[in-house]
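1. Give me coordinates for this.
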Amino acid sequence: QLQAYGGGLVQAGGSLRLSCAASGRTFSSYVMGWFRQAPGKEREFVATISWNGGRTYYVDSVKGRFTISRDNAKNTVYLQMNSLKPEDTAVYYCAAGPSFRATIPAEYNYWGQGTLVTVSS
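-> Numbering: from 1, shown residues only. Next up is the predicted model:
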């Protein structure tokens, strides 16, 4: 089970850190990803991190602004979001899956409930 939190309202240029807490003993064996879904749009890949945190991969639109990380001792994955833009407004979801660089939602096995990020201009 995954639970994402940390969303909120922030002004453009601001920062937020999302967290996703996982239950279960096998968290460290999964690739973790973050996706987002804006109103009226399809769910979009944002970032993924390998099981040990050694590799990360981002969609071009967030490179240099967002950082994904994980703490396997705490069964938690994070998404640090800096220099936020209005176009980053979306519900953000964390997901667990088997394959690094998986960018399609269907490739992930488990999903959190989502947390809303709103960036005002």
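
2. Would you mind putting the CA coordinates of the strand or helix carrying G33 into PDB?
-> Per DSSP states H and E, G33 falls inside strand 31-37. Provided in PDB are the C-alpha atoms of strand 31-37 (Å, rounded to 0.1, in the frame of the first residue of the first chain):
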ATOM      1  CA  VAL A  31      11.400   0.700  -8.700                       C
ATOM      2  CA  MET A  32       9.400   3.800  -7.600                       C
ATOM      3  CA  GLY A  33       7.900   6.400  -9.800                       C
ATOM      4  CA  TRP A  34       6.000   9.600  -9.600                       C
ATOM      5  CA  PHE A  35       3.300  10.500 -12.100                       C
ATOM      6  CA  ARG A  36       1.000  13.500 -12.400                       C
ATOM      7  CA  GLN A  37      -2.400  14.100 -13.900                       C
END
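
3. what pLDDT, on average, does it get?
-> In this model, strand 31-37 has an average pLDDT of 97.

4. how about the nearest residue to the residue nearest in space to the middle of the chain, chain neighbours excluded?
-> The centroid of the chain falls nearest to W34 when counting by C-alpha atoms, centre = their mean (2.5 Å). Closest residue to W34 apart from its sequence neighbours, by C-beta to C-beta, 6 or more residues apart in numbering: V46 at 4.3 Å. All C-beta spots, glycine's among them, are computed from the backbone N, C-alpha and C.

5. quick one: low-confidence parts of the chain?
-> Across the chain, nothing is flagged by pLDDT under 70.

6. Kindly recompute the last result at 90.
-> Low-confidence segments of the chain (pLDDT under 90): 1, 23-29, 98-101.

7. quick one: the strands in it?
-> Counting by DSSP state E, the chain has strands at residues 2-5, 8-11, 16-22, 31-37, 44-49, 56-58, 66-71, 76-81, 90-97, 110-111, 115-120.
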